[in-house]
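Enquirer: Below is the sequence, then the predicted model.
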Amino acid sequence: MEFRYNFVYKKENTTFHTAKKENDDFSVKIENENNIISVTVNPKNKIEFEKFELTADYTYSKNEKIFTNGYQSWTVSKEYSPKEKMDEFSPRFLGIEKCRFNPLGIWGAGDLTFHKYPEENGIFYGYSYGYIRNQNNITLYGSLSEKAGYTIITFNSNSNTISFEKDLQGVIFEKESKKVLELSVINNDYETAFDEYFSLMEIPKPNVSRKCGYTTWYNYYTGVTEDIVKRDLNAISNLDTKIDIFQIDDGYERTVGDWLIADSNKFPNGMKPIAESIHDKGMLAGLWLAPFAVTPKSYIFKEHKDWIVRNEKGKISYASHNWGGFYALDIYNKDVQNYIRKVFDTVLNEWGYDMVKLDFLYACSIIPIHGKSRGEIMCFAMDFLRDCCGDKIILGCGVPLAPAFGKVDFCRIGADVGLCWENKAFSREDVSTQHTLMNTIFRRHLDGRAFLNDPDVFLLRDNNIQMSLDQRKIVALINSLFGNLLFVSDDVSTYTDEQMKMFIQTITSPKAKINDANLDSNNNITIKYSLNNEEKKFFFNIKTGKSL
């Protein structure tokens, strides 16, 4: 590939622009061997990049499809036609500068505080990897490491270009040479290309197997109580089929951040007896945590404000709006590390939980700190979490995916499922049944390579749900075909015979081999797959939730 350059950098508080790969302040060395492109920065003076972008020409065909991988677990990720508009909606308040207007961290879960959203048709961007597909053949562009900074890949069918940008905000280049980009370019059939990509990264294959289970979240949310847990535990343990995991989600703790203090009103006996009860029923015990998040109400925040991430002006900033707004812990602070280690030691070894669902992980890298880029911070965080948890099962969630490759056993690859089919998403990371189904289908290549995919729950109950039974069946089928973690949040004792049959079928069916998946201009999705040595097809409309 032949590149053009666009570099914006600061030196001594002055901003410079250059389209050359060498000047008086730095040089860029590019090597291309075996279709792996390496870019090294050699600084001559102390500089900080505001933009580091390489652009190559590419002529798009109208028959091609473009896939972009969203910023984190929840971000919309799908295939587009070259002249489409990115996503089926625009984030609200597009005219407002996100980095200035961010009350309670409302944009914190996504990337809109540091990357501009394209408002015109034909421009698509994503993180770490992406591809162009022509039938079953793809050209895959994939970063082999995000430790220098996130790799942002932009496909522009208007200018017939592909650009590769590094998020190097906050990183000072002074004396030492740094490799900032290592990019593989792979052309092959869909499955082989992703096999090659993960082989190049040397990501170990997951050592867990397909599992089914229950989580409290999508029925009770933070209103979960010990009595509810006991009731639903008894109901699901009385089934004739094996259930692998029973997970307690958010709501058990005093407040987010105070993980070792259970809410005394809702869980008067604490969390250890709950794990013991789950084990007595022959299931693994799972517990939800957001290890890098603290609310203003938490003891951790009140007693350790020096543990909190601060911006360049020394001000504590919200990480996102959840729970009325929360803050992020500075994971490079040794006291923070010791606290988090204590939390995991207590949860996993003293209380006896077998799996932790770790959520809102992006929070630790919302802004660059300590001269490190967001990507470097996130990669360090995932290494740290794996070390804390040892060989216990980790379900990752709300995490930029590339840093999680090989570090978690299961990973959410889509947004939270909504209780209705209609898309009411406020942002690209918001709750949406349509978005999570899209991600489940179009991020299928990660399953069994980076981790096992968690498509989020399917819900079959009749109460506290606004989806028709046919729509609920579609979610269950897609999860079963594409996912490897099959969770419900229902009190299964309320199921009708039809619902129980559907539940058992969903969790016991073997995982399908997906041969093809395609989204057309009318929002119809066609899935071709093999199951039990039989070739099958399934069609449904992602907008209406109707099978075709």
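Expert: Cool, got the structure.

Enquirer: Which residue, neighbours along the chain excluded, lies closest to the residue sitting nearest the centre point of the chain?
Expert: The residue lying closest to the centre of the chain (Cα atoms, centre = their mean) is Ser73, at 1.5 Å. Spatial nearest neighbour of Ser73, chain neighbours left out: Arg412 (4.4 Å); criterion: Cβ to Cβ, 6 or more residues apart in numbering. (C-beta placed from N, C-alpha, C; glycine too.)

Enquirer: count of neighbours near that neighbour?
Expert: Counted by other Cβ atoms under 10 Å, the residues lying close to Arg412 total 28.

Enquirer: and it, what are its bridge partners?
Expert: In this entry, Arg412 is beta-bridged to Asp454, by DSSP bridges.

Enquirer: Repeat that for Ile153.
Expert: Beta-bridge pairing of Ile153 under DSSP bridges involves Gly126, Phe164.

Enquirer: I'd like the distance between it and Tyr131.
Expert: Distance, Ile153 to Tyr131, by Cβ to Cβ, to the nearest Å: 9 Å.

Enquirer: Between the two, which has more neighbouring residues?
Expert: Taking neighbours as other Cβ under 10 Å, Ile153 and Tyr131 compare with Tyr131 leading, 27 against 22.

Enquirer: quick one, helices of the stretch 51-200 of the chain?
Expert: 190-201 (DSSP state H, counting those that start in this stretch).

Enquirer: Let me know the distance separating Leu284 from Tyr218.
Expert: Taking Cβ to Cβ, one finds Leu284 at 19 Å from Tyr218.

Enquirer: So between these two, which is more surrounded?
Expert: Taking other Cβ under 10 Å, Leu284 and Tyr218 do not tie; Tyr218 has more neighbours (22 against 19).

Enquirer: number of nearby residues for Leu348?
Expert: The tally of other residues near Leu348 (other Cβ under 10 Å) stands at 21.

Enquirer: related to what we said a few turns ago, quickly note the distance from the residue nearest to Ser73 to Ala193.
Expert: 24 Å.

Enquirer: Might one say that Arg374 is in contact with Lys166?
Expert: No. Judged on Cβ atoms under 8 Å, Arg374 makes no contact with Lys166 at a distance of 10.7 Å.

Enquirer: Could you name every residue contacting both of the two?
Expert: Residues touching both Arg374 and Lys166 (Cβ atoms under 8 Å, 6 or more residues apart in numbering): 149-150.

Enquirer: you'd agree Ser143 is up against Leu181?
Expert: Yes. Between Ser143 and Leu181 there is a contact at 7.2 Å, judged by Cβ under 8 Å.

Enquirer: can you give me the helices for this protein?
Expert: 190-201, 217-220, 226-237, 272-280, 299-303, 334-344, 374-389, 401-404, 433-442, 469-482, 497-508 (DSSP state H).

Enquirer: Turn those into TSV, including mean pLDDT and distance to Phe124.
Expert: Shown next, in TSV, are those (pLDDT from 0 to 100; distance: least, Cβ to Cβ, whole Å):
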stretch	mean pLDDT	distance to Phe124
helix 190-201	98	18
helix 217-220	98	31
helix 226-237	98	42
helix 272-280	98	44
helix 299-303	97	39
helix 334-344	98	36
helix 374-389	98	20
helix 401-404	98	17
helix 433-442	98	13
helix 469-482	98	22
helix 497-508	97	33
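
Enquirer: Please work out which of those is packed deepest.
Expert: Ranked by mean neighbour count, these are led by helix 401-404 with a mean of 27 (mean count of other Cβ atoms under 10 Å).

Enquirer: Can you tell me which helices and strands it packs against?
Expert: helix 374-389 (3 or more Cβ pairs under 8 Å, 6 or more residues apart in numbering; DSSP states H and E).

Enquirer: Start and end of stretch 119-133, how far apart?
Expert: 23 Å (Cα to Cα, to the nearest Å).

Enquirer: So for it, what gets flagged as buried?
Expert: In terms of neighbour count (16 or more other Cβ atoms under 10 Å), stretch 119-133 has its buried residues at 122-133.

Enquirer: returning to what we had before: any chance of the helices of the chain in TSV with distance to Ser77 as columns?
Expert: Output for those, formatted as TSV (distance: least, Cβ to Cβ, whole Å):
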stretch	distance to Ser77
helix 190-201	14
helix 217-220	21
helix 226-237	31
helix 272-280	33
helix 299-303	33
helix 334-344	29
helix 374-389	17
helix 401-404	9
helix 433-442	5
helix 469-482	13
helix 497-508	23
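
Enquirer: who touches both of Ser143 and Leu181?
Expert: Thr151.

Enquirer: Look at the two and report which has more neighbours.
Expert: Ser143 (26 against 22).

Enquirer: Can you tell me the number of residues neighbouring the closest residue to the more buried one other than its chain neighbours?
Expert: Distances taken as Cβ to Cβ, 6+ apart place Thr151 nearest to Ser143, at 3.9 Å, with adjacent residues excluded. Using other Cβ under 10 Å, Thr151 is surrounded by 26 other residues.

Enquirer: ok, now how distant is Thr151 from Tyr125?
Expert: Per Cβ to Cβ, Thr151 is found 11 Å from Tyr125.

Enquirer: Could you do Gly170 as well?
Expert: Gly170 sits 20 Å away from Tyr125 when distances are taken as Cβ to Cβ.

Enquirer: same deal with Asn234?
Expert: 48 Å.

Enquirer: Repeat that for Tyr299.
Expert: According to Cβ to Cβ, Tyr299 stands 40 Å off from Tyr125.

Enquirer: One more: Pro118?
Expert: 7 Å.

Enquirer: Spit out the residues that contact those two alike.
Expert: Both Pro118 and Tyr125 are contacted by 86, 154, under the criterion Cβ under 8 Å, 6+ apart.

Enquirer: Which stretches in the stretch 151-300 of the chain count as strands?
Expert: 151-156, 161-166, 172-173, 178-189, 211-215, 245-248, 284-289, 293-294 (DSSP state E, counting those that start in this stretch).

Enquirer: what does the last one contact?
Expert: What that stands for is strand 293-294. With Cβ under 8 Å, 6+ apart as the contact definition, strand 293-294 has outside contacts at 256-257, 300-301, 307-308, 319, 326-329, 360, 363.

Enquirer: Then the longest one?
Expert: When contacts are taken as Cβ under 8 Å, 6+ apart, the neighbours of strand 178-189 outside the stretch itself are 1, 35-41, 52, 54, 136-145, 148-149, 151, 164, 166, 168, 193, 196-197, 200.
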